[in-house]
Each structure stands twice: as structure tokens, then as C-alpha cells.
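J.: Next one to model:
(chains A and B)
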2 protein chains.
Amino acid sequence: MNGGKLLYAQSGGVTAVINATACAVIETARAAKVPVLAARNGIIGALREELIDTSKESRAAIAALRHTPGGAFGSCRYKLKSLAENRAHYERLIDVFRAHDIRGFLYNGGNDSADTALKISEISAELGFPINVIGVPKTVDNDLAVTDTCPGFGSVAKYTAVSVAEASLDVESMCESSTKVFIIEVMGRHAGWIAAAGGLAARKAGEPPHLILFPEIAFDETTFLVRVKATVERVGYCTVVASEGIKNRDGGFLAEMGTRDSFGHTQLGGVAPFLANLVKQHLGYKYHWALPDYLQRSARHLASKTDAEQAYAVGKAAVEYALAGRNSVMPVIVRTSDAPYRWKIEAAALSKIANAEKKLPKGYISRDGYGITAAARQYLEPLIRGEAPPPFGKDGLPVYVRLKKTLVRKKLPRYAVVDK
Amino acid sequence: MNGGKLLYAQSGGVTAVINATACAVIETARAAKVPVLAARNGIIGALREELIDTSKESRAAIAALRHTPGGAFGSCRYKLKSLAENRAHYERLIDVFRAHDIRGFLYNGGNDSADTALKISEISAELGFPINVIGVPKTVDNDLAVTDTCPGFGSVAKYTAVSVAEASLDVESMCESSTKVFIIEVMGRHAGWIAAAGGLAARKAGEPPHLILFPEIAFDETTFLVRVKATVERVGYCTVVASEGIKNRDGGFLAEMGTRDSFGHTQLGGVAPFLANLVKQHLGYKYHWALPDYLQRSARHLASKTDAEQAYAVGKAAVEYALAGRNSVMPVIVRTSDAPYRWKIEAAALSKIANAEKKLPKGYISRDGYGITAAARQYLEPLIRGEAPPPFGKDGLPVYVRLKKTLVRKKLPRYAVVDK
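T.: Numbering: from 1, shown residues only, chains lettered A, B, ... in the order given. A predicted model of the protein is given here:
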């Protein structure tokens, strides 16, 4: 990349550490004296020419991104379709890049974003304004191909494992006369990576969680209830980690099993209350359930240090790749050793990552379908290692930063993003 | 107290720091060379003569209680009724005390436990085996009379404020194209203390949470929806903190508004999904909701240092009071200064605490009913100050302790606790 600016954009669901990547991008570019613009609210802002001038943010504010959750520049759920279907959008992006002398585009997201990045790279060459497009990995779902893990996952994994351990100690204390079944519903609509991480809470065999429900395993009501009952009879209580994506034998999501409110409207109930109700109806045990929802992916206060470091490393590498003139690649995490855990960053072709999906290996789920294997543990455990707490203020709250987000002056006509 | 042993029992819902109190009790008694027994699973264990010999636990294990959540000796929800109704139980307790030479009883709980402690003190004198009964405060509900705050509350308050701040940054990032309304349901069936603590997340006016729903304020659907809509139109999204105890104008709990599952069974839905459904039906906004449930009261990883210190201090004072021959008192926290925040421990008569309930003062809720006042902030903020993280292992999980819980040999006939 010779001259010009970098454009950085966040895409899809945010994480506890995506801003650590943003921090690395800006700090690395500043050190190389390359200006960075950031799209406001992701690709939508790029289309609308809503570009944030990161040079207006103080050094301290950028440094604070390293420990601030959420997406500091805004993100969006907006997938560009094929070049044929969405050609106008792609051309508009190139117009925006040209107008602002953007020579490198860093797109921080998951599978879909890798695909979009690839297409932008293709059309930019075709339209005679070739730019260096770098995908930057991020997703709590841990489902990106090629990379050993995805920045964001390690922290949600740590949050889940710690929460399961803590809540189980609570339930264990009181199970003789109170709650006997505790269900925690975790994210992961298509793959059980986060549910599997809940299994790390059990340092020894027999410790909670006692049952993990994976989206990869068809839910069987009878077996589930037998297992819950046996666990309660054996240890006094039962902790269940349930993926939001678990399905019955017909492939229907349990979360959509159609509970209705008092007016007859269908209500999306969630998996945890559905399971709790099964337990109540068939076993009569007192139950509690938790649904941490966004808390799990924004819990920067409990981030994994490994994850935070990897999030920074991919941002730094992305800038280095762009400045070195690389194109259509993504910095991925390569595990070079399990014990001691060692990793490095390498470039991988976006074409190998776009639209692929990394599944939870079958060998990570125990034979009975309700737990994780030693192989899963060996893979997962290094990812939650280390603590990287944010600074806390005297008032007891973490010191998180909100940026100024000053937009640069627009140079192009208004453009409506209306095909949603 | 001359000679004899102490008996310590945990009562009611456990907290992130109740074991810090247990730690203080045992460490203080050990320093004074006084043996401590602990009831297994609270008062039920005392009735059954299931007494744990704490001398069998190592010094390191007892020290680790200081940072371990849950109730290490087990707790229970079991309220002794009046002396007239439950005389046999009270007499049995005195038999157990006499059989094991227990001369001091430390009962770690809330309002009900203070009442039970008072009655035990009365009947022990009547039956000619007078013992030193000390109530020790504990409850996340913060509803004990006399004491300025209750150990356990500061930590759930900190967890709630931090979680609201973190999840709101997440929602804010994506609100243009995704979730616009986020609802977090918090504990507090009878009083809005925890909901109020959620308000601490807003360091400046206008920051989230935008609406707090208190059990003290009758829920008005129309006004709620108007406020949600206005907030979304003004700032792009709306974070709502809802107490599980909010009621409609007729006094009915919203959480029990009778959603039904597909089989027609009533399903306890929770307040958050009920509110989310209202938002969806009337405003059409995309929503998410979280229900941290036990996670909020067991999150020792995010405990308030102030709270952890106070939990230790009341345990230490309780032993000192018993050894000094005091009876029917509770060590309470007295706030001697707001700025700088200063506190001390004093003895208060159990008769002033038993069965009383400290309500959230009206002056803590803003005039519109949806926020907290400066007075609330002044009261609440010191309680979440400071961090006291547990040690973490190399595996990325906190190092929590499970005790051996060796029971002492029984000396009395079996006793069935069957009047539940």
C-alpha cells in the first residue's frame, strides 16, 4: 500500500474484545503514520459515507479501547449480497474509497464479512481502484474456518465457565431444601462452542455442569429427564448448560416451541424456561434458570487475557498486511503447541474462510452426548487462560471509553441503503 | 461466654460473600482458641445434629472461604415458627447445644433468621441452658433494619451496575440495525434495592439504564411504552432494568401474568420476557432480554471490596460479641460519613431487627418513577467501591474451595424435621 488511508469497519455481533482489535489497528497505523478512518455502524456507514476521523480521538481514548466492550465505532447486521445482486452497493463503496483516498480496507467480522471483503477486493480491481482488503477475525461463535480460534470466543467461554462454577456453588449450598435443577442458556445457535466451554467449569469428574445440551445432538426429552433425575438423586442437584440452538429430532428449535401469552400471542420463550418447565411437569423439582444473553459477550470485566491478546494481535497484523500490500487475506491464529500453549499469527486467504463454517468436532462431545471430552478440554482450556481486567474507577465501575466519533466531511451525493 | 463451643449456621439465600463471614468467624475463634462447629445446611442440620467439625478444615481452606461464593456449609430456606407452634424444634435445638457444649450460636441470615435467633435466646434461658445468641447480617435484598447495608448486597449491586454498563455498550453499538430495547431482570421481589443499583451504571445523565422499573411503583403499560419509544427515538436504543417484583395497579406480579406453553400449562415467564413481548407487540422494536438469576448473587469474581470487607467484619464482631458474653444482638454496619465513606460495626438488639423490613426510601426514586435520585446514588455508590477478585488458577478459573465438611459424632436420637 503506497500512501492513502485505511478504513476500518466492525461487522456483526460485537464482543468483549473487538475494540482491542480496533485499538491495535489505530495504534499500529499511527506508529506508521498512516491515517485511519472508521466506518460508523459498520458497512452501512461506509455506504453512507459516514466516516469517523480517528485522528480526532486522543491517544488515551484509543488506548482505552483495549479494555472497552461493545463496538466503539458501531457495528451492524448487514450482509452485502453477490456482486450481481448488489452491484450498486459495491460500486458505491469503491466511490467512497476513491473519494477519501482509502487504499486499505480492514473488515472486522465473521464468515459473512470475509465473503464481503473478498468481493470488495475483486470489484475494486475490476473498477480500476485496487485496494488492499484484509479480513480481521471476530466472533463469539468461534465458527470461522482456518483460524484456531476467533477473538471474542475466549472471553465468552471464560464468562460461561466461571458463571457455571459460581452459580453451581450457590445451588449446591441450598439444594437440600430449595432449587435442585439450575439451567443456564448460552449463545450458539448453530454450534455448541460456548456450551462446550461451560464444561470447563468442572475441574474434576462429577463437578458441575452435570449436563450440557449441544445443538449438534438432537434433544431427547426422556433421556434428558432420566439424566436430570439420576443426577439429583446422586449429588443433590443438577446444573444444565443449554445452547440456545438445541433442536428436537425433527430439527425444530426448542426455543420456538410456541409458548403463548395470556392474549394467545406466540412468545419466544427461550430454551431455559422450556427445559425448566419440562423438569417441573415431569419431575416436580424446584428449578431456576438464567439467560445471560448480551451479558456473556460484553463481560469485558472477565475477559480472557489470551483472547484479549489475540484480538490485539490480529488488528496489528491486519495493518501490517495492508501496508505490505497484501490483499484478500485474514490474519489467523495458528496454534503451534498445546502444552505449553503457544500461538502465532499467519495470513490465510479469504477465499478459504468466506462462507465456510467451523463445526464443533464430534470428538469434542462425550459419547453419551451430554459432556465434553479430554480433546475438547485440551483445545478450550488455553483460550480462557489469564485475566485482563479493565481499570476500575474510584466509584467501583470499570472505566470504559465512549469515543467522540467525529465524522469527516462528505464529498459524495447522499446514498440510501434501502434493500434490507 | 465461658468455655464451650460456638455453632455457626448459614440461613436463606446465599451470597457472593457469606463465606467471607464464615471465614471471619472461624479465623477469629481459632485465634481465641474456641472451637467452632457449623450446621450442615443451616438450621435443618442443627436440628438433625448434623454438625461439621471446622477444626478438620485446613487453615488454607478456611482462608479460601474469604473469596468463595455460595454457602460453604450449606444453607436452607426453613423458618422456625413461633415458640408455641414449633416448641419441639426449639427444645431439640437446646438439646443439641447441650449435648455438644455449644455456648454461642451465630446465625448468619436475614430478617427471619434474626427472629429465630431471638427466640432461641429466649428459650435457652427458659430451659436452663442459656447461650449467647448472635445474629449475623446477610442478604442480597438489603432489607434488614438498623444496619446501613447488608453484606451480600454491595456485590450484587456491583454486578448489576457493571452488567448494565457493559451490555448497554453492546446494544448501543448495534442499535441502528439490530436490537433497540434491552431488558435486564434483577432480583428483589419486595424492594427495589438491586434495581436501584442498576442505576449506578449511568455516570452521567442520559447514560443507560434509561428506565428502571421498581416494585415500589405500580407498572403502567402505557407510560412504559411511551417512555421506551421516546428513548429509542432520542438515543437510538433503550436499556431497561426491571425488578422481578414489579406489579400492576391491582398488585399482581407481572412475572405471573400467565403465559402458557403449547400444552396449555401455565409457565412462569419472568418479567423480562413479559416486557419484551409488550415492546414487540406495541412498538415492533427488536428486543433482547437477560435474566442473570443466581449469577448475580454468586458472582464472587466481581465482588465489591467494601462488601467483602464488611462481610468479614460482621463475622469477626459476632465472635467477639459471643466471647464477651453478649446476647440477642447483631453486629450492624453504621455509616459514619458519606464523603469520605466511613463505616464501623456496632451491636444492635435483635429485637429491633427481627421481622422488620427496610424499604427503599421514596426519596431514592426519581419523581417520574423510572430512575434514581442523587440521594440514592450517595447511599449506593460507596457500597460497590473497590475490587476484591479471587485468585485465578493457571487454567483461567477462580480458585474456589469445597470443604471436607466432616460431621462430629451424633450423641442424640434421630430427629425428623418434617413440618415443612
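J.: Measure how buried residue A:247 is and give me the count.
T.: When neighbours are counted by other C-beta atoms under 10 Å in any protein chain shown, residue A:247 registers 18. From N, CA and C alone the C-beta is placed, and that goes for glycine too.
J.: what's the answer for residue A:86, then?
T.: Using other C-beta under 10 Å, residue A:86 is surrounded by 17 other residues.
J.: likewise residue A:404?
T.: Number of residues near residue A:404 (other C-beta under 10 Å) recorded here: 11.
J.: Let me know the secondary structure of it.
T.: For residue A:404, the assignment made with DSSP: H, G, I helix; E, B strand; the rest coil gives coil.
J.: residues contacting it?
T.: Taking C-beta atoms under 8 Å, 6 or more residues apart in numbering or on different chains as the contact definition, residue A:404 lies against A:56-57, A:61.
J.: those strands in the stretch 301-420 of chain A, which residues are they?
T.: A:329-337, A:342-349 (DSSP state E, counting those that start in this stretch).
J.: ok, back up a step: let's see if you can find the most crowded of the contacts of residue A:404.
T.: In terms of neighbours by other C-beta under 10 Å, the contacts of residue A:404 top out with residue A:57 at 22 neighbours.
J.: what separates the nearest residue to it once chain neighbours are set aside from chain B, distance-wise?
T.: Spatial nearest neighbour of residue A:57, excluding adjacent residues (C-beta to C-beta, 6 or more residues apart in numbering or on different chains): residue A:403 at 5.4 Å. Residue A:403 is 11 Å from chain B, where distance means C-beta to the nearest C-beta, to the nearest Å.
J.: Provide the backbone phi and psi angles at residue A:403.
T.: Phi and psi for residue A:403, reported as degrees, to the nearest 10, are phi -80, psi 170.
J.: do you know how far residue A:140 is from residue A:271?
T.: According to C-beta to C-beta, to the nearest Å, residue A:140 and residue A:271 sit 17 Å apart.
J.: Looking at these two, which is more packed in?
T.: Just comparing residue A:140 and residue A:271: by other C-beta under 10 Å the higher neighbour count belongs to residue A:140, 30 against 27.
J.: Name all residues that make contact with residue A:287.
T.: The contact partners of residue A:287, by C-beta under 8 Å, 6+ apart, come to A:179-183, A:276, A:279-280.
J.: out of those, who's near chain B?
T.: Among these, the residues that sit close to chain B (C-beta under 8 Å from any C-beta of the partner chain) are A:179, A:182.
J.: Next, give me the two most distant ones among the contacts of residue A:287.
T.: A:182 and A:280 (13.1 Å; C-beta to C-beta).
J.: out of the two, which sits in the busier spot?
T.: Neighbours were counted for residue A:182 and for residue A:280 using other C-beta under 10 Å; residue A:182 has more, 29 against 16.
J.: pretty sure the more buried one contacts residue A:240?
T.: Yes - using C-beta atoms under 8 Å, residue A:182 is in contact with residue A:240, at 7.0 Å.
J.: where along chain A do the strands fall?
T.: Ranges of strands in chain A, per DSSP state E, are A:5-10, A:36-39, A:51-53, A:102-109, A:132-137, A:181-186, A:211-213, A:238-243, A:259-260, A:266-267, A:287-290, A:329-337, A:342-349.
J.: how about those strands in TSV, adding mean pLDDT?
T.: Listed next are those as TSV, based on pLDDT from 0 to 100:
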stretch	mean pLDDT
strand A:5-10	98
strand A:36-39	98
strand A:51-53	98
strand A:102-109	98
strand A:132-137	98
strand A:181-186	98
strand A:211-213	98
strand A:238-243	98
strand A:259-260	51
strand A:266-267	48
strand A:287-290	96
strand A:329-337	98
strand A:342-349	98
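J.: Out of the ones you listed, which is closest to residue B:189?
T.: Checking the strands of chain A against residue B:189 by C-beta to C-beta gives strand A:287-290 as the closest, at 13.5 Å.
J.: what's the closest non-adjacent residue to the residue of chain A positioned farthest from its centre?
T.: In chain A, the greatest distance from the average C-alpha position (C-alpha atoms, centre = their mean) is reached by residue A:177, at 38.4 Å. Distances taken as C-beta to C-beta, 6+ apart place residue B:76 nearest to residue A:177, at 4.1 Å, with adjacent residues excluded.
J.: And for residue A:342?
T.: Closest residue in space to residue A:342, ignoring its immediate chain neighbours: residue A:336 at 4.7 Å, by C-beta to C-beta, 6+ apart.
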